[in-house]
Every structure is written in structure tokens, then in C-alpha cells.
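Q: Have a look at this prediction, sequence included:
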Amino acid sequence: MSGGAFLSRIGFSVLAALLGVLFALPLIWFIFAPFNARAEMGLALPDPWTLSNFVTVFQNAFAVRALFNSLIQSVGGVILIGAAATLAAYALSRSTIPGKSAVTYVLLLFSSVVSGSAAMVPIFLIISAMGLIDTQLAVILVFAGGLLPTAMFILRDFIDGIPKSYEESAMVAGASPLQAFFDVALPVIRPGIVVIVVWAFVNIWGSFLIPFILLRSSEQMPASVAIYSFYSEAGTPIVTLLAAYALIYSLPVVLLYLFVSWRFGFRFFGGIKA
Amino acid sequence: MSNRLRALYLGLATITTLVTPAFAVDLTVSCRCVEGGANSNDAIFIKTKLIPAFTEKMKAEGKEVNVTLNEFGGTDEQYTQQLALDFSTGAGSDVSGFDGFLVPSFVEGGLLKPLEEVAGPEVNSWEGWSHISDGIKALLSYQGKPYGIAKGTDVRMIFTRKDLLEKAGLPADWQPANWAEILDAARKLKASGVEFPLQLNAGVAMGEATTMQGYWMALLGTGEQVTDENGKFIVSSQGILDTLNLYKTIYVDEGLGDQRAQLLADGRNQSFANFRDGKTALLVEGDYFWRSVTRPDAEFGLANRDEVVGWAKMPAQEPGKGLRGQDFVTISGGTGFVLNPATKNPAEAWALLAYMNSVEMLDEFQKIQPAIRARDDVAIPNSEFLTTTSQTLLPLTTARPNDANYNKVSAEIQRMTESVVSGELSPEDAMAQYKASVIAIIGEDNTVSKL
Amino acid sequence: MKQFSLLSRRVAALFLTPGAILVGLFILLPFFWVIFVSFTNRTLLGRTALNPEFVGLQNYVRLFDPATFFTRGQFGSSLIITTEFVLLSALVGQALLGLLLAWLMQAIRPGLKRFVEAMVIGAWILPEVVIGFAWFAFLDYDNGTLNMILRGLGLPPGDFLLQQPFWVIVIFNTWRGAAFSMMLFNSAFASIPPSYFQAADVAGASSWQKFRDIALPLIRGHVVTDLILITMWTFNVFTPFLLTHGGPAYRTELLSIYNYRVAFRDFEFGKGAAVGVIIMLINLVLALIYLSIGRRKSKAEKEAAT
């Protein structure tokens, strides 16, 4: 390698490393604070490293219940989305319903137009009218509705890529169309469903605005709103509790991402764009 | 025993077992109070005295109740938001802490119902009403009907750090006669090393505390109120201009106040901390500042409060220029508790509310935090501060207009002060924006311009 | 081959039903309802909660009223802030940073590459409340990590959240979203045949020349796609609320935050709905641009294939 290329390579590496460190800076606090029994807003090395903050979190009934609520919302949401999106995407791909590609595009258009921040007023009013304010069901339904078009679009693309011969040969062998769907197509579609499920889970788990608007009593709040109320509505924030709690709350997302990138390769999330 | 009788016994037994659990009632109370935090005494009173006593009382009457307190630790604005969203969706505590100035807009929005509608006509025969003055009853009433019971009323004044005053060469019983003397004292304090000698609440973050403890206290000194004698909101006047110029002098021109604290989200706490730490020596606040905030064992308390904390009346701009021609001014508010119209147990909720305001409970409250209570048959505590302030200031006081538009206008007032205090707008421009915004909100017919 | 559909119309309709109900209820219905409410003066408190009146375009007229348009804390000011925010943090910030990072990734060791990618993507995938709080602690005036570093370097500490709140949220959002652009450009670069770059190396081209003359023209379509997508997302983002609550003094009140305040703090549903409709209209324009580019691209690809 020529000298010039070598220097530029070093320069690039330095620049890249610098950028990496800059990106990591705001998060460094999270490496230390959760393990520091006397954690404050500032960066400090814990002395000693302790897990007592995590014990405090689990002793706080409100915090633990909030984690459960997040779980309920996310799991409920992905079940609903997974089922509805798969069925709908399959129908759009394999049937001869007229205007199906138009429908997909129109739905996609609507879902990007009716974003969370634009639709907060009518969603609040609709859920209120249905009597579902302050229920987990409301959050699950709203998310299912909101994420469905994108999920359908991704899955439909995916299913379109699967040759119809799979099901056709099954039907030639005597299976009904429904059997062909459940026994032949579904297993092949499964990876796509996994991607949708993971993406939806991460979205719902991390969301703040919808539960903030639709839920009222503290028993129903998910972890995202709980964390927010810990540092803005509790007077002076209890930093130790917050740090450990935030770490626990982030764990599922990080694990899921690692899982997806291991299973499907690193670039997959780049491919999931509406 | 014949089959018929057996069936009858079985039926009766079933019915009794089905009916008895219905007597166990769950009640919730909420307030903007956190034990160990804001309004700690309210929380302590409710948790340690009211709830056990009430549970006992109900048991003696053959009812089982479970009462829980929801402690809310956020700001007043966040609490108001929670109340509005809760009540509008049928959620919320059975008995809720409530600030009187919110009553009109909640009532007109259908979110509050009169006590007698929620709990029945027996509300009107409560023994407590005869011991509560009409003025105090009116704090949580609208158009003649009570919606809750007020805790009492309060007054506002300038709190002083006597030790810092002496250090600056001012008398410990300093009493300014006009605005110029306040500013003068602040300058002397600053010269003697006090970083932010004067605190007059401003900005959006402090919410209604800005309007009440800051803006009103100054505006009243110019002889004006927020509305005129016909109930129209004054949107442009010399009084407003003078008030804004006072703010400008304090925060922008001479740096006599902590500008940063007016913009921070928890700025009010910051102002309390400044007073405690000796960075502020003159703080315009309500008497709860003495009763609750500066108590020796409170978060912003002073161990030697009784020696170093004094108070002075808030003067008018010039003697005789204040409201009604007064030399000194003050304003009173009122908070209390209301019944949630969506409560599932109106009878028990009313029993709790009434018991909270009974003589025996208020006496217990006095032991935790002495104050002038709403009832005249509760002993006035032996506190020189409380007796002197109420005797001196109550005759001078006024109240906020009982108008459903008030809170929206108050929000514009807060914005107006913030734009001046942050240096962004001149008082003239800020007032012009205030005028435009208020007219846009409530219509020109409800406003009047004096300039 | 026999031409028969795998699903009868009836079964297909059945399959579509659950999705249709959800989408109808939570996307289509809100779309029409928000337009409807925007023509009323409905509120949560006060007289107009029980008796909202139809007021026509009054909410919209008030939003665009020249007397209050540029006032801090009003709609116009929020619109301007949001536009500047999108331009700076998405179009300039995220896209350029993503481009730079993706280009750097091509030229460095795999170990370092993984480290940098992990950091950048970590910023993107962590839940918004967590990073909101992380930055809140990071920027704290008295104890925050940033000020600790500045003091350590001998530089004066800054009260960033109060003094330069707008730049804080711009940098915050750039940090937050750069990962997406980086990954998109990464895969775009990966699709360029390596022989192009090898030929350029032989000709002695510098990295900048390779980028400007080979990579950039080939990924132009991707650049446009990326820009539109991140513009749409950034326009609707709500996360900065967790950092600044739209303050101080409304200096960081993006449209989404303004909408929230009008609807759920001031409780003016009619006005909030009007703001929502305007946000939807802008989203519509952006989405149409995106979809038409997508259509044109796939049409071009089809033509190229024939």
C-alpha cells in the first residue's frame, strides 16, 4: 500500500474512532450509574460496584408493575399485529381482489400521514368514546392499527417473493387452500413474521406518547411513562433508581436487536424501510 | 327439616354472603403532596391521622373502608392536567385536592358537579357549614353552589432574611413604603454579597405561582386588577407596563434576581433553595412558605427559621396608589378538596370529605402544621406569625376573578412575564403580544384597553 | 400452468377483516375525525366542552393570524422552529453524518468498524425515554458529563439546556437518527461493484475523488430516498419533549410538542385538531413525493431490465 493510502487509512480510523467515542459519550453514564449506590447526575466511578440499585427497583412495586405493563402491551400488540398482518398480507398477495396494490399504497400513505403527533386528539376522543381510556387494550389496539400498514407492506413484499408453486403443489396433492396456507405457506413466511414481530415489539416497548395520552392511573402505566414520571413528576429525581431501571428497561431491546442481527445479518434493519 | 325449609335457609345464607362483601368500600384521595417532599404535611396528616381515624369511625358504623392516598409530586400545572384528563374520562380519585380558581372552567366543562348533586341533599345539613364563613365557602363555589370544602385561605407578603438585611446595613424589621425602597434595599443587599437579593416570580414554569405571587402582587400596587369593575380583562394599561418594567429592572437591567430560576422547570424549588442558602434575601411568597417550606425539618427549611426569617408587607408603587387606595397590598387564594362526580361511592366519599373538615380532624392537623383553618371553632394556634399576618393582611386582600376564562389569561400573563424577564421583548412589545393573544382567546368584547 | 387464485374471494375477504377493522378504526377514522373536530371549538374545560360549536375555518384563521404568527409559543413560531430543526438535524445532520460514517466504514478495519457501528446503532435503538434521560443527565449544568469534560479540558462549562436549547435538540436528533442513514448508505455502497473502485485505485484516485465521482452519482437515488424518509420522521418526532419539554420559553417547541400542549395542556381540542390536520397535510406532501419517486425508480428498473 502506498504511503498516501496508508496515511489516509490511519486518518480515517482516527476519525471513525473519534466519532464512535462521541456517539458513546452520553451513554457512558449508564455503564457506571446503575451500579453506584450513590449515583448522581454526574459521571462517577462506583466505589464499590454494587447491585443494590437493582434491588431497589424490584422492591418498588410501581416500577415492577410498569415493566409488566410494558410487556403486556408489547406482547399483546405483536400478537395482534402478527396475526392480522400475516392474514391480510397473504390475502393481498395471493388473492385476486381487485385493486390490491392500490390498497397497499393508499394504506401506506395514510399511515405515514396519520402520525402519532397529528392524530393525538381524535385517538384520545375515539378511545374515550369507546370507554377504553386507561386500559392496556386501548394501547394495544391503537398500536396495532398504526403499525399494521407497514407490517402488511413488508410481509406482502416477502410473500410475493415466495413462489406460488409451494401452495399449488400442495393443492394438487389434495390440500384445501386453507390447509395450503397453514401447513405449507406459513412455515416459509415465518422469518418474515419474526422480523415484523421484533420490529413491532421494539416500537411498542419503547413508545411514550400513546400510553402517556391514553392511560391515566399509575397501575396501568408502562415503564416508559414510569421513567418519565420518575424524573419529571416526582420532585427531585431519585437517580439511583432511575439509572438501574432504565438499564433494565433497555435490555430487551438490545437483546432483540442482537438476535436479529445474528440471525438475519447486520444489514436487515436497513432493508426495512416503508 | 323439609326440603322447602332447607331451600329457604340456603337461599338466605347465599344472599347474606353475597351482600356482605358489598360493604367493603375502596376510596382514594389525591393531592399535590408527597411525604418528605412538596406539601409534606398534607400527606402526613392524611396518611397518619385522617385515614386511620376514618377507617375506625366507619368500622364503628358497620362499614368497611379502604382509603388510599395518591401522592402527586409534580408541578401544579401537571396536577391540573391530571385532574382535567382524569375527570373528563371518569377516572380520578374520589376526593381530590383542588385549587379554587379552577372551579369555574371545570364546572362549565361539565367536569365538576355540586356537592349536593354528587352526594345528596344531606350535604347541605352538614354541621360544618355554620362554622365556615361565606368568603371561605365561596372559594370552592361557583354561582352559589359549593363543589368542595376549602382548607382555608392565605395571604402573600415579602419574606426577608433578617440576618442578611442586617449585614447590608438595613434594619431587621425593614418595611418598604414603595417599590423604589424595595429596589434600593435589593441593591444594598447585592453590594453586601447577596447574589440574587430579590425574587419576584416570573415565567411559565412556575405557573400560577408566577401570576399570584409575582404579577398580582406588583399589579395591585399600581391600583389595578387583572379585570376591571365590569369583569372585563384589562389587556393594555399603565399598570401592566409599570409591572413589566419592574420585572425588567429586577431581572434584566440590574441583575437583582435569579433570571435562570425563572426559566428552569423546577425554578420555584430553585428560588426556595436560594432563600435557604442565603443567595436570596427578599422573596415574595404566600404564607405557606413560612408554614410549610421553611420549617426547620423541611427540604428547604432553615434550622433557625424563627430568628432569621421575617416578613414585610408588600407596598404599593407609591403610598396610596394601591388597590382601593391602599398603601399595602396582598391577594388570597384558596385550595381544598372536591368530590369526583364519577365516584362510585358518593356517600362514603362525602363522609370522608366531611370528616376531614371536622373539628377533631382539624385539631389533629393543627398539631402537625399550625395554620388558620376554615372553621371558626378550631383554635387559632399560638403562632405570632400567623396571628399578625392574618390580622394585618386579610383586611387588605382581594381574590382572583371567578371567571372560566381566568386560567387561559393567566397562562398569557405568565408568557408575558417570561418574555420580559428573559430579555427577549421590551415591556411595550410584551404587552402588545399579551393584548393580541388574549383578544384572540376570549374575544375583544371581554377585554378593555386603557392605553 | 393452471391459472387459479389460491384464495377464494370470500376467504380473502375474511383474512382481510381483522386488519381492515384495525386500520379503519385507528387510521381512517382518526383521519376524518380530526378534520371534523378542527372545524369546531371543542375543548375539555369550560362551556365548549359540553356544547362545542361549529366554527368553520376559525381555528385555521387563528393559527395563521399575522398578529400572533411569529410570537414565541404560537403556531407560526413552532412551524418555523420545526422547519429549521428538520433542515439542520435531518437534511444536514443525519444525512451527511450517515454518509460520512458509511464512507468511513468502507475503509477501516472490521474490529473498529464493529465498535463504531455498535455505538451509532446503540443511539438509535435504545428506547426514547432512556436516551432522553441520558442526555438530560449528560447536559446537567452542575454535574453533567459534558460539563465535567469541558472543565477537565479547561473550557468553561455551559448551561446548554437553557442557553442553547435549539442546538441541543438539533445535535441530539442528529445523534439519535444518524444510524439509519449510515446503514442505508452502507448497503448502497455495498451494491457498487468493487471493480469500479479498483479501477480508480489503479488510476491513483484519492478517497475524496472516488467518493465524489464514483459513489455519489451511483447512489443518488438512495440519497433522495433517505432524505425524504428522514425528513418525514424528523418532522413528526416527539422525543425532544423528554429533554426540554418544549422550553425554555417555547424555544424548542416543535409542531408535535406544540400540538400536545394545545390539546392536552390548554385542552383546546378544536385548535389541536387544526394543527393535526396541517401536520397531516405536510406529511401527505412528503409521502406523495416519496411514493412517486419509488414508483419512478421501479419503473426505470423495469425498463432497464427489458
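A: Structure's in. What do you need? All of these numbers come straight from a predicted model, not from anything done at the bench.
Q: what about the residue of the stretch 301-450 of chain B found nearest chain A, how many residues close to it?
A: Nearest residue of the stretch 301-450 of chain B to chain A, counting by CB to the nearest CB: residue B:342, 11.7 Å away. Using the backbone N, CA and C atoms, a C-beta is placed for each residue, glycine as well. When neighbours are defined as other CB atoms under 10 Å in any protein chain shown, residue B:342 has 17 of them.
Q: Residue C:35 too?
A: 15.
Q: State the pLDDT value of it.
A: Looking at residue C:35, its pLDDT is 91.
Q: Need the contact partners of whichever helix or strand it is part of.
A: Per DSSP states H and E: residue C:35 is located in helix C:29-38. For helix C:29-38, the surrounding residues in contact (CB atoms under 8 Å, 6 or more residues apart in numbering or on different chains) are A:110, A:113-114, A:118-119, A:121-123, A:125-126, C:59-60, C:269-270, C:273-274, C:276-277, C:280.
Q: Filter those residues down to the ones in helices?
A: Mapping the contacts of helix C:29-38 onto helices (DSSP state H) picks out A:110, A:113, A:121-123, A:125-126, C:59-60, C:269-270, C:273-274, C:276-277, C:280.
Q: which of these has the most neighbours?
A: residue C:276 (32 neighbours).
Q: Can you tell me the closest non-neighbouring residue to it?
A: residue A:118 (4.2 Å; CB to CB, 6 or more residues apart in numbering or on different chains).
Q: who in chain C is up against chain B?
A: C:43-50, C:62, C:65, C:67-68, C:71-74, C:159, C:162, C:245, C:247-249, C:264-267 (CB under 8 Å from any CB of the partner chain).
Q: So for whichever residue of chain C sits closest to chain A, what's the nearest residue that isn't a sequence neighbour?
A: Closest contact between chain C and chain A, by CB to the nearest CB, is at residue C:26 (2.6 Å). Leaving aside its chain neighbours, residue C:26 sits nearest to residue A:145 (2.6 Å; criterion: CB to CB, 6+ apart).
Q: quick one: contacts for that neighbour?
A: C:22, C:23, C:25, C:26, C:27.
Q: out of these, which are inside helices?
A: Counting by DSSP H, these place C:22, C:23 in helices.
Q: Go through the contacts of residue A:145 and say which is closest to residue B:200.
A: Among the contacts of residue A:145, residue C:26 lies closest to residue B:200 (CB to CB), at 48.2 Å.
Q: For chain C, give me the ranges with low pLDDT.
A: Along chain C, the model assigns pLDDT under 70 to residues C:1-7, C:298, C:301, C:305-306.
Q: what about 50?
A: C:1-3 (pLDDT under 50).
Q: do the same with chain A
A: Looking at chain A by pLDDT under 50, you get A:266-274.
Q: tell me the domain ranges of it?
A: Split into domains by automatic domain parsing, chain A comes to A:1-50, A:60-271.
Q: in the helix or strand hosting the residue nearest to residue C:26, what's buried?
A: Element membership of residue A:145 [criterion: DSSP H and E] is helix A:136-160. Neighbour counts over helix A:136-160 (16 or more other CB atoms under 10 Å in any protein chain shown) mark A:136, A:138-156, A:158-159 as buried.
Q: same deal with stretch B:165-180?
A: Within stretch B:165-180, the residues that qualify as buried are B:165, B:167, B:168, B:170, B:174, B:176, B:178, B:179, counting by 16+ other CB under 10 Å.
Q: What residues does residue 240 make contact with?
A: Going with chain A. A:33, A:36, A:37, A:38, A:39, A:53, A:56.
Q: look at chain C instead
A: C:169, C:172, C:173, C:246, C:252, C:254, C:257.
Q: How about residue A:148?
A: Per CB under 8 Å, 6+ apart, neighbours of residue A:148: A:81, A:84, A:85, A:88, A:107, A:111, C:19, C:22, C:23, C:27.
Q: Swap in 10 Å and give it another go.
A: For residue A:148, the contact set (CB atoms under 10 Å, 6 or more residues apart in numbering or on different chains) comprises A:80-81, A:84-85, A:88-89, A:107, A:111, A:196, A:200, C:18-20, C:22-23, C:26-27.
Q: Please apply the same query to residue A:50.
A: By CB under 10 Å, 6+ apart, the residues touching residue A:50 are A:34, A:35, A:36, A:37, A:38, A:240.
Q: ok, 7 Å please
A: The contact partners of residue A:50, by CB atoms under 7 Å, 6 or more residues apart in numbering or on different chains, come to A:35, A:37.
Q: now swap in residue B:217 and tell me
A: Counting by CB under 7 Å, 6+ apart, residue B:217 has contacts B:156, B:284, B:314, B:329, B:331.
Q: Measure how buried whatever residue of chain C ends up closest to chain B is and give me the count.
A: Residue nearest to chain B within chain C: residue C:49 (3.5 Å; CB to the nearest CB). Using other CB under 10 Å, the number of residues around residue C:49 comes to 20.
Q: could you say which helix or strand contains the residue sitting nearest the centre point of chain C?
A: Residue closest to the mean C-alpha point of chain C, counted by CA atoms, centre = their mean, is residue C:234 at 1.8 Å. Using DSSP H and E, residue C:234 sits in helix C:220-236.
Q: From the contact counts, what lies against that helix?
A: The helices and strands touching helix C:220-236, judged by 3 or more CB pairs under 7 Å, 6 or more residues apart in numbering or on different chains; DSSP states H and E, are helix C:95-105, helix C:165-190, helix C:269-305.
Q: which residues sit against that helix?
A: Contact partners of helix C:220-236, identified using CB under 7 Å, 6+ apart, comprise A:112, A:115, A:117, A:273, C:82, C:86, C:89-91, C:94-95, C:173, C:177, C:180-181, C:184-185, C:188, C:256, C:282-283, C:286-287, C:289-290, C:293, C:297.
Q: and residue 143, what does it touch?
A: I went with chain A, as the question did not name one. Applying CB under 7 Å, 6+ apart, we find residue A:143 in contact with A:77, A:204, A:210.
Q: nope, chain C please
A: A:40, A:41, A:42.
Q: Can you classify the first one as helix, strand or coil?
A: Meaning residue A:40. Taking DSSP: H, G, I helix; E, B strand; the rest coil as the rule, one finds residue A:40 in the coil state.
Q: Tell me the helix or strand right after the least confident helix or strand in chain B by mean pLDDT.
A: The helix or strand of chain B with the poorest confidence is helix B:3-19; it has a mean of 56 (mean pLDDT, DSSP states H and E). Sequence order places strand B:24-31 as the next helix or strand after helix B:3-19, per DSSP H and E.
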